[in-house]
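Visitor: Quick one: sequence plus predicted model below, questions after.
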Amino acid sequence: MVSKQPSTTNTNKTINPAWQRVVIKVGTSTIVDSDGRVKYPVINQLSQVISTLSRDGYQVILVTSGAIGVALDQLGLTKRPTDIPSQQALAALGQGYLMTIYNQSMALYRQKTGQVLLTYDVFNNPQMLRHMQEALEVMLDNHIVPIVNENDVIAVDEMDHQHSFGDNDKLAAMLALAVKAQGLIILSDVDGLYTANPNLDSNAQQITRVTKIDQVIRKLAGGSESGLGTGGMITKLNAAELMVNHKAKMVLIDGQFPERIMQVIADEPIGTRFQAEEK
Ligand SMILES: Nc1ncnc2c1ncn2[C@@H]1O[C@H](COP(=O)(O)OP(=O)(O)O)[C@@H](O)[C@H]1O
Ligand SMILES: N[C@@H](CCC(=O)OP(=O)(O)O)C(=O)O
């Protein structure tokens with residue numbers, strides 16, 4: 001694909017090769033508040049950071065939850081329904097709006113985007129996987145930021161024929177490995193992994209570095225309290241385990257401050273970093 005427009009890459013910048021290709025995952029609670037209202041300033045800040053990285057020569061893929069969350073805003077609802085078909089209908093309503101919000105924000109920074117909706121079976125089907133990889137390579141080569149979500153309306157777990165719903169943390173890790181990204185940055189409503197759920201335990205301490213996701217670490221993780229996010233810390237640890245087991249890294253940071261992505265890319269100590277010990 002040859003663009004008629006000149007490349008917007010800033011070739012004078014030196015980039016950190018340890019993060020040259022990066023997947024950034026944003027949870028619902030980062031972009032929708034507890035009353036179900038969209039946090040436009042956060043999305044705008046995130047778009048600015050991603051556009052800057054892309055212009056500097058990084059290849060960025062955004063995995064974003066929030067289709068159901070923004071649909072709550074569209075309908076004036078404050079709570080997520082519990083049955084799967086209602087959630088799927090909300091996701092169908094909200095996904096278009098989610099893309100509109102991102103497209104408008106990214107356009108302010110002249111950043112092009114493309115929507116990619118995935119299901120887990122893509123990763124088990126070599127042909128579909130190759131098609132996805134090839135399409136993403138072309139997008140990245142042309143400075144188009146892929147904006148990925150699970151295709152919620154048809155999301156079915158092939159193994160047990162149950163609806164597998166709402167685990168974009170794992171989807172982001174599988175995607176990061178499939179496209180050979182050096183790392184995954186997860187933005188959430190918490191600024192890292194704690195010794196206990198910090199919303200429930202005021203003595204909880206932040207853990208800044210995890211080299212192995214073992215039973216001790218797993219025991220620290222609880223579910224989601226926001227009523228909007230789905231996975232809680234457990235799905236983030238599953239994502240981290242996938243990354244670490246494949247010699248890649250994951251950093252978990254507070255999504256209220258998307259500019260902190262720049263600190264992660266600069267390898268500054270921030271949030272919780274999941275990475276195996278260098279041998
Ligand atoms: N040990 C822990 N450390 C940090 N957060 C935890 C822990 N255990 C459970 N949590 C919960 O996980 C939440 C983040 O997950 P979730 O609500 O699914 O967010 P997202 O929408 O970003 O995926 C935190 O807000 C917190 O309530
Ligand atoms: N795919 C769904 C949400 C899935 C999900 O993983 O949610 P979250 O726990 O907020 O990352 C959506 O867009 O609403």
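Guide: On my side now, so go ahead. Ligands and ions are numbered 1, 2, ... in the order given.

Visitor: number of nearby residues for whichever residue of the chain sits closest to ligand 1?
Guide: Closest contact between the chain and ligand 1, by CB to the nearest ligand atom, is at G27 (2.0 Å). In this view, the C-beta of every residue, glycine as well, is placed from N, C-alpha and C. Residues within reach of G27, counting by other CB atoms under 10 Å, total 28.

Visitor: Low-confidence regions, the stretch 51-200 of the chain specifically.
Guide: 156-166 (pLDDT under 70).

Visitor: The residue of the chain closest to ligand 1 reaches I253, doesn't it?
Guide: No: applying CB atoms under 8 Å as the test, G27 and I253 come out as separate, 11.3 Å apart.

Visitor: what do those two both touch?
Guide: I186, L187, S188 (CB atoms under 8 Å, 6 or more residues apart in numbering).

Visitor: okay, those in JSON lines with neighbour count next?
Guide: What follows is the shared contacts of G27 and I253, written out as JSON lines (neighbours: other CB atoms under 10 Å):
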{"residue": "I186", "neighbour count": "28"}
{"residue": "L187", "neighbour count": "28"}
{"residue": "S188", "neighbour count": "27"}
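
Visitor: Run a quick neighbour tally on the spatially closest residue to Q95 that is not a sequence neighbour.
Guide: In space, Q95 comes closest to A67 once its chain neighbours are excluded; the distance is 4.2 Å by CB to CB, 6 or more residues apart in numbering. By other CB under 10 Å, the residues close to A67 number 26.

Visitor: any idea how far ligand 2 is from A67?
Guide: 3 Å (CB to the nearest ligand atom, to the nearest Å).

Visitor: which residues sit in contact with that residue?
Guide: Listed by CB under 8 Å, 6+ apart, the contact set of A67 reads L90, A91, A92, L93, G94, Q95, L98, N149, D152.

Visitor: would the third one count as being in a strand?
Guide: No: A92 is assigned helix when assessed by DSSP: H, G, I helix; E, B strand; the rest coil, not a strand.

Visitor: so where do the helices sit in this structure?
Guide: Ranges of helices in the chain, per DSSP state H, are 28-31, 40-56, 67-75, 84-108, 126-141, 168-178, 215-218, 232-245, 261-265.

Visitor: what about the fourth one, near ligand 1?
Guide: No: Helix 84-108 stays clear of ligand 1 (CB under 6 Å from any ligand atom), getting no nearer than 13.8 Å.

Visitor: Run the angle between that helix and helix 40-56 for me.
Guide: With axes from the mean of the first three to the mean of the last three CA atoms, to 10 degrees as the basis, helix 84-108 and helix 40-56 are set at 60 degrees to each other.

Visitor: Next, count neighbours for the closest residue to K180 other than its chain neighbours.
Guide: Excluding the flanking residues, the one nearest K180 by CB to CB, 6+ apart is R21, at 6.8 Å. When neighbours are defined as other CB under 10 Å, R21 has 16 of them.

Visitor: R21 contacts L140, correct?
Guide: Yes: between R21 and L140 there is a contact under CB under 8 Å: 7.4 Å.

Visitor: anything in contact with each of those two?
Guide: Counting by CB under 8 Å, 6+ apart, the residues touching both R21 and L140 are Q59, I61.

Visitor: Do any residues in stretch 74-86 lie close to ligand 2?
Guide: No: using CB under 6 Å from any ligand atom, stretch 74-86 stays clear of ligand 2, coming no nearer than 8.6 Å.

Visitor: Any buried residues in that stretch, and which?
Guide: By 16 or more other CB atoms under 10 Å, the buried positions in stretch 74-86 come out as R80.
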